[in-house]
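Engineer: attaching a predicted model along with its sequence, questions to come.
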Amino acid sequence: MMDRTRDQIFAEWMKAHLPVLHRISRAFADPADQHDLLQELMLAVWKAAPAFRGDSSSATFIYRVAHNRALTWRRRAAGWRIRAIDAEGEAARRAMEAADDGDEGALLERLYAAIRRLAAVERSIVLLSLEGLSYRDIGAIHGLSETNVGARLSRARTKITSLVEEQNDGF
Amino acid sequence: MDFELLERAWRSNANRPSDAAAAYLMEEMMQTLRKRRNDVRGIVVFAGLALTVQTGLIFHALLVQRVMDAGREWGALLMIAVAWAALVWVGLHFRRHLLAFPDPYVSTAATLRALVDENRATMQRMRFMGVAGLLFVLATALSLGQLVAVDKMTPGNVRDFSILFGGGFLAGATYGLWRYFRVLKPESMRLQRLLQEYRD
C-alpha cells in the first residue's frame, strides 16, 4: 500500500471512528495521559492499515487494533507523582465542567472513572459492549466464547453500577 | 442504578469529541506520522548500509589495494564475521517469530501471546548480542594487537582507540542492561498478567 493511499484510508477511517478511539483513551488512561494514549491508538491504526484485508468491517478491524494497543499501553513512568496530582486536578476540573454541561456529562465522568477501575480485559469487553457490538463479535475480537463474554459482562456491569453509585454517594 | 441509564449517557453527544478537536487531532497525527516515517526509514537504511560498507572497505583493502595481509591481520576479518553472524542470527530469529505469529490482529488474546513471544524473543536476542558483543571486543583487541605487530598502529593509537571504543561499548552495554532489566523484564510480567486475565 503506497503511503498516500494509506494516509487517505486512514483519514477516512478517522473521520468515522475517531470518537471510538477517543472513548477508548478515556477508558484506559487517566485524564493526564489520555492525549498520549489517543495518539498511540491513532498511530496503531495507521500502522495496521496495510494489514486490513476486508474480511471484516473496517470498524471491527479498528476495534481489534485499538483494543490490542490499549490493553498493552503503559503510560510513561517519568514524573508519575506530578502526573498523579495533575490527573486528580484534571478529573476534578472535568467533573465540574461536566456538571455545568448537565447531568449526562457528570454521569459520563463517573462512568469512565468506574470503567478505569476494572481489570484491563474486563474493561475492553465492557467498552465493546457499550459500543453496541454483539457477544459474538466481542468474543471474536478477544478470542473468547460468547458464554464467557456474557459472564464477564454480567460481572462487569454489576461492578460498574456499584462503583458509579459509590461515587454518587460521595457527591 | 439502572445500567441502561449509563448506556444512554454513553450514546449521548457529550461522549464525542467536537469537530474542531477531531480536526486538530488529525493534523497533529499527520505531522507525527511524517516525522516517524522518516525516522524509521533512516534507521533501517543506516543499519543496513553500515555493515555493508565496512565489509566492502576491508575486502577492498585485502583484494584490490592489497594493503592488508590476511595471514597477519585476520583479526579484522574475525570482527566482520562476528558482526555478520550476529546480524544473520538476529534476522533468522526475528523471522521465526514472524512465522509463528503471521496475523497479529486475529484476536486480542492471540496478539497478547504474540507480544509475550516477541518480548521473550527480544530478551533472547539481547542475551545473544551481549555474548556477541564480548566476542567482538575480543576480536577487536586481537585485531589491534595485529595492527601494532605489522606497524600500522602505535601503542598510543591503540590506547586512544581503546578509550573511544571502550567508552562507546560501555555506554551501549549499560543501555542494554537497563533496557533488559528495567523495560523488558517488567513488560514480560505485565503481559503475562494480562494474558492471565483471559484464563480467569
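Structural biologist: Looks like it came in fine.
Engineer: what does the pLDDT read for residue 151?
Structural biologist: Let's take chain A. Predicted confidence (pLDDT) at residue A:151: the value is 95.
Engineer: try chain B instead
Structural biologist: Predicted confidence (pLDDT) at residue B:151: the value is 89.
Engineer: now it: how far from residue A:61?
Structural biologist: Applying C-beta to C-beta, to the nearest Å, the value for residue B:151 to residue A:61 is 65 Å. Heads up, the C-betas are built off the backbone N, CA and C, glycines and all.
Engineer: more neighbours: which of the two?
Structural biologist: Taking neighbours as other C-beta atoms under 10 Å in any protein chain shown, residue B:151 and residue A:61 compare with residue A:61 leading, 22 against 7.
Engineer: residue A:44 is in contact with the more buried one, correct?
Structural biologist: No: under the criterion of C-beta atoms under 8 Å, residue A:61 lies out of contact with residue A:44, with a separation of 11.5 Å.
Engineer: where does chain A dip in pLDDT?
Structural biologist: When the per-residue scores of chain A are filtered using pLDDT under 70, the ranges that remain are A:1-4, A:76-102, A:169-171.
Engineer: where along it do the helices fall?
Structural biologist: Secondary structure of chain A, counting by DSSP state H: helices at A:3-28, A:34-48, A:58-72, A:80-101, A:103-115, A:120-130, A:135-142, A:146-170.
Engineer: quick one, the first one and helix A:103-115 angle?
Structural biologist: When axes from the mean of the first three to the mean of the last three C-alpha atoms, to 10 degrees is applied, the directions of helix A:3-28 and helix A:103-115 differ by 90 degrees.
Engineer: buried residues in helix A:3-28?
Structural biologist: Neighbour counts using 16 or more other C-beta atoms under 10 Å in any protein chain shown place A:6-7, A:9-10, A:13-14, A:17-18, A:20-28 of helix A:3-28 among the buried residues.
Engineer: and the residue of chain A nearest chain B?
Structural biologist: With C-beta to the nearest C-beta as the measure, residue A:143 is the residue of chain A nearest to chain B, at 3.3 Å.
Engineer: so who does that residue touch?
Structural biologist: B:106-110, B:198 (C-beta atoms under 8 Å, 6 or more residues apart in numbering or on different chains).
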